[in-house]
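**Student:** okay, predicted coordinates and the sequence, questions at the end:
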Amino acid sequence: MSRWQVAAGGGQGRATVIVTHRLRMSLLADAIIVLDRGRIVDAGDKEVYLERWRRIRLDLPAGRSLDHLPGTVSLAGEGRSRILTTSHFSEDIAAAVQAAGASIHAVERMTLEEIFVNTVVARREEAAQ
């Protein structure tokens, strides 16, 4: 049995653990575990994991802040044009962004690779504080 047959369910009735950097293999997963330097930094059901991460492109007027939003991983950009990355997206987050005076231009899904990188960077920054 090939590794693809096992990963695709050929090993039914047992759990198969795949450690990979290949995003193609991760598409077969039910759960995602993010490792950094040998430690688990995040984990969850793959579909739930993908649903909660978003990149929000917005216009943020001068003097306004979005630091208080839960799940904010980063707020990048200069001037009024900003990109907010959140690990806990919901309609409540979108409403809070608008309540803070920002206008949303786009809400974008993120790839697993982008999520992995953002997760590791955020956890390292938390550990450094």
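**Tutor:** Great, that's in hand. Worth saying up front: this structure is predicted, and the values here are computed from it rather than measured. Residues are numbered from 1 along each chain as shown.

**Student:** where's Val97, which helix or strand?
**Tutor:** Per DSSP states H and E: Val97 is located in helix 91-99.

**Student:** chain center to that helix, what's the gap?
**Tutor:** Chain-centre distance of helix 91-99: 18 Å, with Cα atoms, centre = their mean, to the nearest Å.

**Student:** A helix includes Leu50, no?
**Tutor:** Yes: checked against DSSP: H, G, I helix; E, B strand; the rest coil, Leu50 lies within a helix.

**Student:** what's around it, how many residues?
**Tutor:** For Leu50, the neighbour count with other Cβ atoms under 10 Å is 16. Every C-beta, even on glycine, is put in place using the N, C-alpha and C of the backbone.

**Student:** tell me the SS of Asn118?
**Tutor:** Secondary structure of Asn118, per three-state DSSP, is helix.

**Student:** once you drop chain neighbours, what's closest to it?
**Tutor:** Spatially, and ignoring its direct neighbours in sequence, Asn118 is nearest to Val73 (5.2 Å; Cβ to Cβ, 6 or more residues apart in numbering).
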